[in-house]
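Q: let's see this in three dimensions:
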Amino acid sequence: MATDRPTHASLRVFACATISAVAAVLAGPAAAQDPYPSKPVTLVVPFGPGGTSDIMARILERRLTDTLGASIVVDNKAGAGGAIGMSQLMRAKPDGHTIGLSVIGPEVLQPAIRKTGYTYKDFDHICGTYAVPLMMMVPKDSPFKTMADVVDYAKRNPDKLTYGSSGPGTLLHLSMEMLLAKAGAKGLHVPYKSSGEMVTGLLGKQIMLFAETPTVSKQYGLRPLAVFAERRLAGYPDVPTAAEAGWPVQATIWGGLIAPKGLPAPVLQKLESACQKALASDAYRADAQRLDTPPEYKSAKEFAAFAQRQAEIYGKLIADLDLADK
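A: Numbering: from 1, shown residues only. As a prediction, this is how the structure comes out:
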């Protein structure tokens with residue numbers, strides 16, 4: 001006799017099919033998302049090989065490879081003061097597989113000087129990694145023994161104090177302008193195309209002094225007069241700060257990791273954690289210390305707020321100095 005009641009076999013088939021369908025629905029989102037990172041990560045450096053930024057990126061790349069669990073490939077994109085590399089980074093897919101090295105010049109100074117097509121707001125900040133204060137330095141045979149000597153000379157001889165930089169609007173230029181403005185003095189700015197040419201100009205007596213990183217002082221045997229920082233540097237305990245000399249000017253070349261805007265929160269958190277662990281490693285600290293650039297970690301939130309403050313400070317200074325393109 002025919003019956004409408006399902007058999008045990010059909011019930012088992014139905015139950016299995018239902019369980020499989022539910023499992024597929026539940027697993028769907030997880031299956032659709034590959035675990036990050038799922039391929040090598042490109043680290044865009046907005047300068048050519050061999051400079052400070054490139055060196056700092058490469059010592060970070062070695063340690064970040066271990067802490068992130070993925071290969072890091074450094075991609076140097078030089079040009080336009082770093083703006084070319086930053087523009088390329090801004091247009092990359094925000095999935096964490098393309099990140100970049102942010103430096104004060106490309107991220108903060110260049111957008112204040114010219115139309116770059118981006119600002120600090122166009123990036124997600126991952127972590128701050130280093131900060132190197134500038135030093136005022138002179139040749140060993142210079143008559144200037146202190147920063148006070150320099151300021152006093154500039155006050156008594158307007159526009160006769162010649163100082164160099166690696167170009168108008170660079171931090172090397174702005175640091176001296178900030179000092180002279182605070183001291184009510186005037187100097188003559190002599191721009192060069194690079195720090196190397198600037199050193200040649202100093203040793204050739206074309207200029208009297210400049211502000212650069214401590215490494216330059218050590219490399220070329222120059223005499224540091226003062227450091228543009230809040231406190232003295234451990235490696236230069238006898239060099240006073242600008243504030244100790246009477247003019248509280250701070251000028252620091254800093255760097256960190258950024259990514260195109262729109263990075264997924266879990267990816268940002270993983271990158272931030274990997275960055276913190278890399279900087280805390282003994283190997284990274286040893287590499288950085290040899291370059292006189294000890295680690296200075298900032299969290300994603302701290303680095304973003306720091307970049308905003310720096311953009312405001314230097315944006316105003318560049319406008320006051322009339323350095324922005326018309």
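Q: so which bits of the lengthiest strand in the chain are buried?
A: For the chain, the strand that runs over the most residues, judged by DSSP state E, is strand 123-133. Within strand 123-133, the residues scored as buried using 16 or more other C-beta atoms under 10 Å are 123-133. Any C-beta I mention is one placed from the backbone N, CA and C, and that applies to glycine too.
Q: and the helix or strand just after it, how far out from the chain middle?
A: The first helix or strand that comes after strand 123-133 along the chain, using DSSP states H and E, is strand 135-138. Centroid separation for strand 135-138 versus its chain: 22 Å, with C-alpha atoms, centre = their mean, to the nearest Å.
Q: state the mean pLDDT of the helix or strand that strand 135-138 is followed by.
A: As assigned by DSSP H and E, the chain's next helix or strand after strand 135-138 is helix 147-156. Helix 147-156 shows a mean pLDDT of 96.
Q: list of residues touching the helix or strand that comes right after helix 147-156?
A: Next along the chain after helix 147-156, taking DSSP H and E as the criterion, comes strand 162-165. Residues from elsewhere that reach strand 162-165 (C-beta atoms under 8 Å, 6 or more residues apart in numbering): 172-173, 176, 187-192, 198, 201-202, 206-211.
Q: what lines up beside strand 162-165 in the sheet?
A: When pairing is defined by DSSP bridges, strand 162-165 lines up against strand 188-191 (parallel), strand 209-212 (parallel).
Q: most neighbours per residue, which of these?
A: Burial of the strands paired with strand 162-165 is given as mean neighbour count (mean count of other C-beta atoms under 10 Å); strand 209-212 ranks first at a mean of 27.
Q: which of the strands paired with strand 162-165 sits closest to Arg285?
A: In terms of C-beta to C-beta, the element of those nearest to Arg285 is strand 209-212, at 23.3 Å.
Q: sorry, back to before: how about the buried residues of strand 123-133, which pair is most distant?
A: The distance between the two most remote of the buried residues of strand 123-133 (C-beta to C-beta) is 26.5 Å, for Asp124 and Pro133.
Q: okay, Ala57 and Pro106: tell me how far apart.
A: Distance of Ala57 to Pro106, computed by C-beta to C-beta, to the nearest Å: 13 Å.
Q: actually Asp122, not the one I typed
A: Distance, Asp122 to Pro106, using C-beta to C-beta: 12 Å.
Q: which of those two has more residues huddled nearby?
A: Counted by other C-beta atoms under 10 Å, Asp122 and Pro106 do not tie: Pro106 has more neighbours, with 27 against 18.
Q: that one contacts Ala78, correct?
A: No: at 10.4 Å, Pro106 does not count as touching Ala78 under the criterion of C-beta atoms under 8 Å.
Q: next, show the common contact partners of these two.
A: By C-beta under 8 Å, 6+ apart, Pro106 and Ala78 have these common neighbours: 46, 85.
Q: low-confidence stretches in the protein?
A: Where the chain drops to pLDDT under 70, the residues are 1-34.
Q: tell me the centre residue of it?
A: When C-alpha atoms, centre = their mean is applied to the chain, the residue found nearest the centroid is Gly255 (1.8 Å).
Q: what angle do the helix or strand where that residue lies and strand 123-133 make?
A: In the assignment (DSSP H and E), Gly255 maps to strand 252-260. Here strand 252-260 runs at an angle of 160 degrees relative to strand 123-133 (axes from the mean of the first three to the mean of the last three C-alpha atoms, to 10 degrees).
Q: where do the helices of the protein begin and end?
A: 8-32, 52-68, 83-91, 104, 110-113, 147-156, 171-183, 195-203, 214-220, 265-280, 282-290, 300-320 (DSSP state H).
Q: can you put the ones you listed in JSON lines and add mean neighbour count?
A: Putting these into JSON lines (neighbours: other C-beta atoms under 10 Å) gives the following:
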{"stretch": "helix 8-32", "mean neighbour count": "10"}
{"stretch": "helix 52-68", "mean neighbour count": "20"}
{"stretch": "helix 83-91", "mean neighbour count": "21"}
{"stretch": "helix 104", "mean neighbour count": "23"}
{"stretch": "helix 110-113", "mean neighbour count": "22"}
{"stretch": "helix 147-156", "mean neighbour count": "18"}
{"stretch": "helix 171-183", "mean neighbour count": "22"}
{"stretch": "helix 195-203", "mean neighbour count": "18"}
{"stretch": "helix 214-220", "mean neighbour count": "17"}
{"stretch": "helix 265-280", "mean neighbour count": "18"}
{"stretch": "helix 282-290", "mean neighbour count": "14"}
{"stretch": "helix 300-320", "mean neighbour count": "16"}
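Q: now those helices as TSV including distance to Met137?
A: As requested, the helices of the chain are exported to TSV (distance: least, C-beta to C-beta, whole Å):
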stretch	distance to Met137
helix 8-32	57
helix 52-68	16
helix 83-91	28
helix 104	19
helix 110-113	25
helix 147-156	11
helix 171-183	11
helix 195-203	8
helix 214-220	5
helix 265-280	28
helix 282-290	20
helix 300-320	22
